[in-house]
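*Asks:* what's the 3D shape of this:
(3 chains, ligands or ions: 2)
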Amino acid sequence: MISIGLIILGVLFAAPTYVQINYFFHFVIILCIYITLSVSWNIVGGYAGQCNFAHSAFFGAGAYTTALLWNAGLLPYQAMIMGAFTSALLAILITPCFRLRGSYFVLGTMSLSEILRIVMLNWRVSGGASGIHLPVPEQFTITTYYYVAVVLTAFTVVATWFVVKGKLGLAFRAIRDNEVAAESLGVNPLFYKVISLVLSAFFAGLIGGFYSYYVLFIEPNNAFSVFWTAIPLFATILGGAGTMVGPIVGAVIYVGLTELTAGLGVLSLLILGIVLIAIVIIAPTGLVGLASRYAYGRRTGEKTVQRGVPTFIRSWLITYHKVGRESMTYFASNRKEKSFMIGETKNKY
Amino acid sequence: MDILWQRLIKSLLIAVTVVVALVILYFVALDYLYVVLGGVLVGGLYALAALGLALVFGVMKILNLAHGSMMVLGAYLSFWFFTLYGIDPFISVVLVIPILFLLGFAIEYFLMDKVATLTAHQPVLVAFGLMVVLESLFMLLWTADPRGLVLPYSGARLTVGGLHISLTRFVACVLSVVGLVCLAIIMNRTLIGRAIQAVSQDFKAACFVGINARRMYQLAFGIGAAFAGFAGSLISVIYAFEPTSGLAFVIKALAVIVLAGSGRISGLIIAGVVLGIIESVGAMIIGGGFKDAISFAVFLLVLLLKPEGLFGRRG
Amino acid sequence: MLEVRSLNVYYGNIQVLYDVSFKVEKNELVALIGSNAAGKTTLLDTIIGWLHPKSGSITFNGFRIDHLPPHKVVELGVSIVPEGRMLFPALTVLENLMLGAFTRSARKKIQENLEKVFEIFPALKERKQQLAGTLSGGEQQMLAIGRALMANPTLLLLDEPSQGLAPIIVTKIFSLIKELNNWVTILMVEQNAYKALKVASRVYILENGRIVREGESQELVKDDGIRKAYLGV
Ligand SMILES: Nc1ncnc2c1ncn2[C@@H]1O[C@H](COP(=O)(O)OP(=O)(O)OP(=O)(O)O)[C@@H](O)[C@H]1O
Ligand SMILES: [Mg+2]
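*Replies:* Ligands and ions are numbered 1, 2, ... in the order given. Below you'll find the model as predicted:
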């Protein structure tokens, strides 16, 4: 895995000397933005298991801070780092949201980013609904952008890799898999959840800052769009949440798919929604999970039907293809612990 | 006995305060009285919007993020019936409700059923996907422009004791309350309603007495969608809507549920009215641009500070 | 009437029942005895259709029922008093009983069965409007049995009817089960081997997911191994 990563990185660094097509640069830059966003979303959503819908707020905060500070006269890289720290600060500020569980957390974070968007729309200092225009930087060529994007993405991926392979990552996964058990082992769930969110927000803010340099114009409806949450979420789920490769693969597929369906307009959004539903139902562990399951089946010679596969396909596989049947419950009702009914929320903290 | 007295005195106090406040408003600031009245009327609608969501929530423990988009679908269908065939939205509701019921039933049958038992995240993700699909379909079918219905009697007013009340809003509010009462009757008086309650109380036991629990999930989801459509049709008469209105709708409905703290009908109505008033008064004070932000903020604050809701029973 | 053949049941990858086979004839009262975690509840859950076996078959009156969902099995005339009673706590006693007669065939006989249940359990009639969650343990067990009878079953599955009850009530419940056996066939799962051996005509012994002994209860009571292991004599 690591060698493949290094090879890809090498190729990307060498590419500009051989390929000088603007479209290629643009494609890679967009790809880098989505990979960074997905990898950073995965820290909270995949490893720590908190389905965070405020990613767009972090992205937007980074973008706005960078733009404002740049206009105020800071150097580009300084403004970008400040943007990333602002996002991280915002992540600390929204800690109370971790009092919410499951779907309430989804909604809480979602409404937070909506509130932020509406406030920015109505706030004069940041330009309100008309947004901020940035001066065209003479010294930057598309190759500069290209290198910055690749370096930022590589930095994010490597840093995330060190985090999740280390002790922190272990704590995140412990919380995701069983919060009560993790707590009894001395892992403070709140602390680690906040850490994961801060890390995630830092990278999102960083790439948000880069985005505002690249497009040179930002406005609330764009910078704080739900889009910046939806796409990383989609890419991560598609590739496989809680894995290092998953979000990257997912982002590549997403960008490829949108480029292919670019002429279709709204229809591409429709396809996206359908693919998301299909993936969640048929392969809840994502493409990476599906691949490893397949490899495992090849190795052991055992075939089983995955749960979530529609009943008629299941019975067809069992009958005609001699695929083994898990003896499964009619309706595995493990939802009791995970329920989030109103009235029960109180006992949960 | 003590408790009864306490409750009686409490509700009397509340009633007296409300009446006094309204009277003061009438003489001191008539503008505000209108704002408050507007909030009350919209509140019934909010309660109706929350009802379907609360049902699905209570029975299946699934948060249907697509509820708002289903409301928007109801609104578009009314819009369609009106512009194409000239059917009055208050009449086409009769068509919208069964259409949405079938849609909800089908969604549960083909999609939600597959993930309803897995972790809490998966149903939310499927619902999110549905929201995306519905929104893009709206854009394809009806473009991204905001739509609104102008009826021949849109401007009509009722005049009661010197106060003018918009006729459409009044009718919508009354219909909402009728819808709320109907569902209460279905849930508490019919066999199917009791079976749905049984499934929500103990899924396994419900299976063991011979209830087809998955069918009950499908019915509950269908009813939830039907009520979303109902609320959507009524909204189409009052507000302009666009493909992406769904999120704001679903958050408002949730704010009502969280305020109410339980799925009880009376709680939902009061919470809906409270939210309606907060929103319209808030918008008047800090500016109309923040109107949606207000309900988001109410939702968040209640969830964080008073998770059992305003009228939630503990234990 | 009920025939189970080489049943293998798993939870995910963990096998719980190994090659379980047994039979229940019409009008019998058969007891299945086993210690904790032997797989008794798993077996009943599989018969009623909550779990599906990986292999093996279950036939009821000649029908294969091993792949039917619970509501279909109940419709065919099997009814269960589940472990831990599983009442609907926020519904009244009457509503619980009414829901017991949810299947189409049971709905026709609802009045008749209701009267019969009230005749057997007069205590339930007095508490018709009380919420099921507020009943005492013994009353809850009666309600659970009553609810199962409302489904108009021909085979009644009982999962540890004596669990968590005072000795006097246990005796009462067992004599009642004996009496019920005049109307319906009963398959009962018990840890209380002494009482079970007393009322049942035939007994199977389940250990770690395998049937290790079977026989008439009179014979087994005399068996030394059984007396040591299960009766503590
Ligand atoms: N839902 C489940 N998932 C995984 N394993 C289970 C599940 N339910 C039961 N088991 C396991 O299956 C085995 C048999 O359980 P079962 O409940 O059938 O035992 P039992 O004989 O009814 O015990 P008891 O007398 O305590 O009720 C136990 O080891 C238990 O841990
Ligand atoms: Mg048991």
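*Asks:* give me the below-cutoff pLDDT ranges for chain C.
*Replies:* Filtered on pLDDT under 70, chain C yields the residue ranges C:231-233.
*Asks:* can I get the helix or strand B:Cys207 falls within as PDB, trimmed to CA atoms?
*Replies:* Per DSSP states H and E, B:Cys207 falls inside helix B:203-208. The C-alpha trace of helix B:203-208 is given here as PDB (Å, rounded to 0.1, in the frame of the first residue of the first chain):
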ATOM      1  CA  PHE B 203     -40.800  -5.800  18.200                       C
ATOM      2  CA  LYS B 204     -40.200  -9.500  19.000                       C
ATOM      3  CA  ALA B 205     -43.400  -9.800  21.100                       C
ATOM      4  CA  ALA B 206     -45.400  -8.300  18.300                       C
ATOM      5  CA  CYS B 207     -44.000 -10.900  15.900                       C
ATOM      6  CA  PHE B 208     -44.900 -13.600  18.400                       C
END
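*Asks:* which outside residues touch it?
*Replies:* A:330-331, A:333, B:195, B:198-199, B:213, B:216, C:48-50, C:69-71, C:74, C:80, C:82, C:86-88, C:99 (C-beta atoms under 8 Å, 6 or more residues apart in numbering or on different chains). Just so you know, the C-beta spots here come from the backbone N, C-alpha and C atoms, and that holds for glycine as well.
*Asks:* start and end of stretch A:40-58, how far apart?
*Replies:* 11 Å (C-alpha to C-alpha, to the nearest Å).
*Asks:* let me know the average pLDDT across stretch B:210-227.
*Replies:* Here stretch B:210-227 scores 93 as its mean pLDDT.
*Asks:* contacting residues for the closest residue to chain B within the stretch 201-349 of chain A?
*Replies:* Per C-beta to the nearest C-beta, A:Gly273 is where the stretch 201-349 of chain A lies closest to chain B, at 3.4 Å. Contacts for A:Gly273 (C-beta under 8 Å, 6+ apart) come out as B:129-133, B:136.
*Asks:* sorry, back to before: among the contacts of helix B:203-208, which ones lie close to ligand 1?
*Replies:* When C-beta under 6 Å from any ligand atom is applied, no member of these is adjacent to ligand 1.
*Asks:* now, the residues you listed that are in strands?
*Replies:* Residues of the contacts of helix B:203-208 located in strands (DSSP state E): C:Ile80.
*Asks:* what segments of the stretch 101-250 of chain B are helices?
*Replies:* B:113-115, B:121-142, B:167-189, B:191-201, B:203-208, B:213-238, B:246-260 (DSSP state H, counting those that start in this stretch).
*Asks:* nearest to B:Ala106 among those would be which one?
*Replies:* For the helices of the stretch 101-250 of chain B, proximity to B:Ala106 was assessed by C-beta to C-beta; helix B:213-238 is nearest, at 8.4 Å.
*Asks:* so the closest one, near chain A or not?
*Replies:* Yes: Helix B:213-238 lies within reach of chain A by C-beta under 8 Å from any C-beta of the partner chain, at B:213-214.
*Asks:* in terms of residue numbering, what are the domains of chain C?
*Replies:* Split into domains by automatic domain parsing, chain C comes to C:2-77+C:154-231, C:88-152.
*Asks:* want to throw the ones you listed into JSON lines with mean neighbour count and distance to A:Ser87?
*Replies:* Putting the domains of chain C into JSON lines (neighbours: other C-beta atoms under 10 Å in any protein chain shown; distance: least, C-beta to C-beta, whole Å) gives the following:
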{"stretch": "domain C:2-77+C:154-231", "mean neighbour count": "18", "distance to A:Ser87": "41"}
{"stretch": "domain C:88-152", "mean neighbour count": "19", "distance to A:Ser87": "46"}
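*Asks:* so which of these is nearest ligand 2?
*Replies:* In terms of C-beta to the ion, the element of the domains of chain C nearest to ligand 2 is domain C:2-77+C:154-231, at 3.1 Å.
*Asks:* okay, which residue is most central for chain C?
*Replies:* C:Leu158 (1.5 Å; C-alpha atoms, centre = their mean).
*Asks:* what about stretch C:92-109, start to end distance?
*Replies:* 20 Å.
*Asks:* show residues contacting it.
*Replies:* So stretch C:92-109 is contacted by B:191, B:194-195, B:198, B:206, B:209-211, C:71, C:74-75, C:77, C:87-88, C:91, C:110, C:113-114, C:117, C:124, C:127-132, C:135, C:143, C:146-152 (C-beta under 8 Å, 6+ apart).
*Asks:* where's that stretch relative to the chain centroid, distance-wise?
*Replies:* 18 Å (C-alpha atoms, centre = their mean, to the nearest Å).
*Asks:* alongside chain A, which residues does chain C contribute?
*Replies:* Within chain C, the residues that sit near chain A (C-beta under 8 Å from any C-beta) are C:8-12, C:49-54, C:69-70.
*Asks:* apply 6 Å and report the result again.
*Replies:* Residues of chain C lying near chain A by C-beta under 6 Å from any C-beta of the partner chain: C:9-10, C:50-54, C:69.
*Asks:* can you redo those residues as a markdown table with distance to A:Ile21?
*Replies:* Listed next are the residues of chain C next to chain A as a markdown table, based on distance: C-beta to C-beta, whole Å:
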| residue | distance to A:Ile21 |
| --- | --- |
| C:Val9 | 61 |
| C:Tyr10 | 56 |
| C:Trp50 | 61 |
| C:Leu51 | 60 |
| C:His52 | 57 |
| C:Pro53 | 61 |
| C:Lys54 | 57 |
| C:Pro69 | 59 |
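*Asks:* which one of those is nearest B:Tyr46?
*Replies:* Using C-beta to C-beta as the measure, the one of the residues of chain C next to chain A that approaches B:Tyr46 most closely is C:Pro69, at 38.5 Å.
*Asks:* give me phi/psi at that closest one?
*Replies:* phi -70, psi 160 (degrees, to the nearest 10).
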